[in-house]
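S.K.: can you look at this prediction? I've put the sequence above it.
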Amino acid sequence: MFLKNKPMWGKRTKLKSSYDVVIIGGGLHSLATAYYLAKDYGITDIAILEKNYIGFGGAGRNTAIVRANQRTQYNVPLYKEALDLWPVLTKELDYNLMFNNCGNLNLMHSEAAMKAARMNICTAQFHGVESHLIDAKEAKELVPALNISEDITFPIHGAMFHPPGGIVRHDAVVWGLAKGAAKKGVEIHQQTEALDITTKNGKVESVKTNMGTIQTKQVMISAGGYSAALINSMLGIRLPISVLTIQAMVTQPLKPILDHVVSSGAYHCYANQTLKGEIATGAHMDPWPNYTTLNTAYYIKHQAEALSEFLPALRGLKFMRIWGGLADMTPDMAPIMDGNDQVEGFFMDCGWGYFGFKSCSAVGKYMAEFIAKNECPDILKPFNLKRYQDHKLMGETAALVNYSPDN
Amino acid sequence: MNRFNHLPTLKVDSASKIAFVYKGKKYYGAKGDTIATALFANGIRIFSRSLKYHRPRGLYSLDGECSNTCMEVDGIPNVRCENTLLKDGMVIKEQNVKGSAQNDMMGFIDKLDWMMPAGFYYNTMHKPAKIWPIAMKQIRKAAGLGTLSPDFDMPGRYDEIYPTADVVIIGGGPAGMTAAIEAGKKGLRVILMESRPWLGGCFEYRSREYQNRQTLNERAHQLANEVNALDNIRVFTHTSAVGVYNNNLVTGFQIGQEEDPFTERYLEIRATSIVVAAGCIERPLIFDHNERPGVMQAACALRLAKTYGILPGKKAVFSVGHDFGLEAAIELHDLGLPIACIADIREDGQDPFLMKRIQAKNIPFHKGWVANTTHGQKEVKAVTLSGIDGLITKKVNCDLLVASAGMTPVTGHITVNQGKLCYDSHTNFFLPKEMPEKMHAAGTLLGLTDPVSIETSGKLAGLKAAFDCENCSIKDIGDAKKELEALPGPARGSKLVTAPVQGRKSFICFDEDTTIKNIKQAIDKGFDVPELIKRFTSAGTGPGQGGIPGHNLPLYVAKYQALQDISIKPTTVRPPLVPTGISTYAGTNHKMFKITPMDDMQRKDGGIFRNIGVWQRARYFSSDLSCKKEIENVRSNVGMLDGSTLGKFRIHGPDALKALQRVYVSDMSKVKEGRIKYSAMCNDDGCVIDDGVVVKQGENDYYFTTSTGRAGQTVEWIRYHTRYDGWDFSLVNLTDSMGVINLSGPNARKVLEKVVDIDVSNEAFGFSEYKAFKIQDTIPVKAMRLGFVGELSYELHVPSSYMKAVWLMLKDAGQEFNIQNFGVEAQNVLRMEKCHIILGQESEQRTNLLDVGLGFLWDRSKTDTKTVGTVALRQAESDQSRFRLVGFEMENNGRAPRDGSLIVDTKVRGYVCTARDSFSMNKAVGMALVEAPLADIGTRLEIFEDECGDERIYGKVVKMPFYDPSGQRMKM
């Protein structure tokens, strides 16, 4: 801490005319993939192209919740690994990612919801992830501010308690990974916009940018909410992705009152207290596809109504900031990770919806393996694009997802 | 302290005392005081300690741009005391201090700033890993300002209103009022929002001459009177506009006064046009110790005296960069404030009239000078001034330093509505470059300082707004434009951000204790755009958001990086533009559930209700949640269930059948009059989204039901899937207008025949048949013989208004059999024993028609109808890796597994959908979705329950249904 300040991700350099790997998007999945390519496979001739600045999109707009209590056996091991990686990365990157493993409390408001939660809990326990079904009283002991009376819109029946989850300082992950990647030689080009990918004989040939053309054999697009449009406009691949605006907000800072992440599907609301003391809350999505990060009046009011009911003490607080980000939703709430399929040398990592943050560490590791070995690791195989053509959805949510009439 | 009591500008009544408690002691303020001005009048100078360094903080501005005066008031944390009106009996406490704000034991941290460069958290406390959890606890304790008890109950009444207006005007200053008057005169409905308790804005507290010896204060009153005289202008004072959204939706909140029936109320206003005249706040001057109590902004000092009657100090130094600062100095001097000297950042360009007055009063004046640092332990005792090059310095004793670098336009309402700002070198403002559609800016936020110019800009904006409402000619606008152009334009703004200091103790953001040094550190580390610097240093993310650093940060970053003017970009402002209470946003917070016509009767009968989707339904009728009695009654006698939540639709017209063929998997042309057709709808992935029955009511006229959960989406679903066909049919959602009674059990016929006039014998009204008839020639009934629960059963669809009547008739008729209610859970078990599925319980998003064993519904021959989902079904037919729905019973008379348990071997192979200890079968049975290889009859299922550890329970796949496999009972 007493060292002189040096640029954390290297001095700005000029874009070269060729790279081994080009990654479009300067968010967490890109940075993590570049980091692991360099660290595990010694591939360092990489350019990350970011139109804005690193962490501009979802990486800097999420509410930083991490957990591994998903529904299917395809997802749980991936998220478990991601969860286990936070302390490892903190050490490797020598950058405090401020992992607060305070545990997640997912409220259930009906018998049916308790059943649905049990399946998640069984799946977690079967895979060695700690997760328990608890009743309303036990939930209240964990979060004294909880309202467990019958007299609310969705009375609380119980909760899924997942102790190993928590929150991570999302910006720190962006900067830490950028620092780690840059230190190993990865070039991060901010204010550099990828304009097109050219192919020849079904193989990637080059990437056109506003700073010149780059020759490369491998390119990955992981640009969060912008991925689907980029992939379609550059390569003509249509993805079953609806891009929705998701908003989050924080209250003025407060001394500790919430010791766990609390969330509720019925109320479309989660709340957690950041290390700075703010209550960060969000979750509901306006149900129309969108490409903007505009806020809506309805949303912040909805959030206030929800919190008023299940965490009524928070009525004494004030919201001070709301922001919006993009969630690229797939029909089965599971991502698309694929490569070398439609175009040789082209990889994609998108459709994360609102799970992009919690998965980034593990996904970076496996996408790096995919790119380096040109062979899809087993753990990523179920997430291919073809599953939609085969009408085999992954079952990450119990209920049908309905963003628009055509699903 | 003696307070002025004869100034025409005063808003306090010193004669009316208001008692309040501060730190356990009783104090008095005057009526009209804010909490902070009352405390200031009582000699309190240190209001709080800063978040990180615990530096003493005092009154700096009066508009709540920072957390300096945030305190706990009546148990509510983080109340901005400087603009919260004092009320009788208020209890005020300090926050985030060990000891008191005056003597805070945590104050030593201020000396440790060298240990805490920008982003130091990220580089510390993680080595070795085990210290982090300990450190984190301490961080959590240290962070945050106020405290809130987990059982805190926010007092007060919260309301909400949703008015519409032709023109909404944000800001009740001279420009806003003039705009309101112009639009009002045109007969438009105008809403004027002003956050202060009164209209007048920057004219209200000033005695400078407007025209013809009229003061600005008098002019403000004149304008306010004109506004109030127009009935079509609705004035909301105490009302902040906090958000502006697409298509001119303005949100805000009003703080209730004594006479109001609400504590606060949320406003959401849809306007045709908006005028933003929110004025300016002051841009802080940055120098060492620039936030020590005793340093305040010019308007704060002036308003303390003129609005609240309090002289802000005993001896003052001014370090300002604008004429308003000079004007404030003169006015305060005239009120008796000794002024040691005025340092003006500007080398030239001062208003000659003001200069003459300063000279006449013999106030020492230094051009091109600036405050460099303040001295004093906790409060200002002296200030060192220097030339802006920092070469010559001079120390002056004082207890008040009025410091203000320039003005900052309040443009948040424009940018949150997607207006674009552009740096303007003349004013040093970020000025609106592209205004959003039907939104206009006026007043000082454009850089105007001349009173007549300010008003004329308001006039022009008012006329433009009227034009948006098609109520003003282009010519009028042109004239007003010319009028404005002839008047003095925007004033030149000073560019200085920081005094010539290193910046170790020069605070750019008060809330987060961010210094100039921190900003430099961040930039050196590669955080080269203001948005990133904001995130890394936290500047502008505290309770006051961008209020203090918002303007200075991009200016400073540009200066440090030596950027051209054109590349200076403002930081993003986000709603709410003023911190807004969760209770305020929540408003009246009403519950919104649909209830069936039988709701109150079912509750009287002891129904235990649950929220199921958008409905409230009776799930149980006794505290026995296994529903033994309810189930046995239906199996052996007769019961009634309120099924009114079922989706009910009529589709009619020449192409009605085509539409049904498109969405249902069966061949719907086979629907015969008088018979019921059960079928299902799939989505494009072949997944079952709905099942229900269809009956033919007449030529091209069908009535059909959907599951409760799908009722809301069905019309849209059918419209969507026929959108290119141009078919002629009408679709009516009858869900709310029709109720449903499910009469089930072996005695059901005996009950029904007492109520209806038609023959309901098995021969006349057989299983799977449909009849429409009237009860007592009056009540129309659609009756279906279904077997969802596996017994003789009639489903009676009755207009909602007759539901209670028919229900009571059946209840009366059933009395001799001891007819009973049954609820949703009993139905759930009854149908499970029959292996009748409920979508969502025996299916999930990936489950297709074939998986749940409903493949027999699919008519493969109707190829020309493009039935939704059939492409996927064809593909899935040969896929062995899919789930299959199976029935199972438990081994060795074991208990039923809990719903949601897994079927496993070394991997997850499926899961239990519904399983119960069946009273009818005397054993535990259930349904599960398992991978196809496990679906054969007799397969042993290994069941993994939550918390089972290494224990497993086992079941085996058996034939479905469990109960009455031949279906005799429902056909009897």
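M.R.: That came through fine.
S.K.: could you use CA atoms for every contact and neighbour count after this?
M.R.: Fine.
S.K.: for stretch B:698-705, C-alpha coordinates in CSV please.
M.R.: C-alpha atoms of stretch B:698-705 as CSV (Å, rounded to 0.1, in the frame of the first residue of the first chain):
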residue,chain,number,x,y,z
GLY,B,698,-73.4,-23.9,-31.1
GLU,B,699,-72.3,-23.3,-34.7
ASN,B,700,-68.8,-21.8,-34.6
ASP,B,701,-69.2,-21.2,-30.9
TYR,B,702,-67.1,-22.8,-28.3
TYR,B,703,-66.6,-22.5,-24.5
PHE,B,704,-63.3,-23.7,-23.0
THR,B,705,-61.4,-23.7,-19.8
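S.K.: quick one: contacts of stretch B:452-467?
M.R.: B:167, B:174-183, B:186, B:188, B:210, B:273-275, B:277, B:438-444, B:448, B:472-474, B:476-477, B:480-481, B:483-484, B:487-489 (CA atoms under 8 Å, 6 or more residues apart in numbering or on different chains).
S.K.: buried subset of those as a PyMOL selection?
M.R.: Applied in PyMOL, the following selects the buried portion of the contacts of stretch B:452-467 according to 16 or more other CA atoms under 10 Å in any protein chain shown:
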select buried, chain B and resi 167+174+175+176+177+178+179+180+181+182+183+188+210+273+274+275+277+438+439+440+441+442+443+444+448+472+477+480+481+484
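S.K.: go through the contacts of stretch B:452-467 and flag which are in strands.
M.R.: Counted as lying in strands by DSSP state E, out of the contacts of stretch B:452-467, are B:Val167, B:Tyr210, B:Ser273, B:Ile274, B:Val275, B:Met439, B:His440, B:Ala441.
S.K.: also near chain A: which of those residues, exactly?
M.R.: Checked against chain A using CA under 8 Å from any CA of the partner chain, the ones in strands among the contacts of stretch B:452-467 give no members in range.
S.K.: closest to chain A out of these?
M.R.: Minimum distance to chain A across the ones in strands among the contacts of stretch B:452-467 is 16.4 Å, recorded for B:Ile274 (CA to the nearest CA).
S.K.: contacting residues around A:Arg67?
M.R.: A:Tyr79, A:Lys80, A:Leu83, A:Asn104, A:His162, A:Pro164, A:Gly165, A:Gly166, A:Lys358.
S.K.: for the second one, phi and psi?
M.R.: With angles defined as degrees, to the nearest 10, A:Lys80 shows backbone torsions of phi -60, psi -40.
S.K.: let me know the pLDDT of it.
M.R.: A:Lys80 carries a pLDDT score of 97 in this model.
S.K.: give me the neighbour count for it.
M.R.: Neighbour count of A:Lys80, defined by other CA atoms under 10 Å in any protein chain shown: 24.
S.K.: now for residue 15: which residues touch it?
M.R.: I'll assume chain A. So, once contact is read as CA under 8 Å, 6+ apart, A:Leu15 ends up touching A:His189, A:Met211, A:Gly212.
S.K.: nope, chain B please
M.R.: Contacts of B:Ala15 (CA under 8 Å, 6+ apart): B:Ala30, B:Lys31.
S.K.: confirm it sits in a strand?
M.R.: Yes. Counting by DSSP: H, G, I helix; E, B strand; the rest coil, one finds B:Ala15 located in a strand.
S.K.: contact residues of the stretch 151-300 of chain A facing chain B?
M.R.: Counting by CA under 8 Å from any CA, the stretch 151-300 of chain A sits next to chain B at A:153-154, A:171-172, A:252-257, A:275-278, A:295-297, A:300.
S.K.: which elements pack onto the helix or strand harbouring B:Leu354?
M.R.: Secondary structure assigned from DSSP states H and E places B:Leu354 in helix B:352-360. With contacts taken as 3 or more CA pairs under 8 Å, 6 or more residues apart in numbering or on different chains; DSSP states H and E, helix B:352-360 sits against helix B:323-334.
S.K.: if anything else comes up later, I'll come back, but that's it for now.
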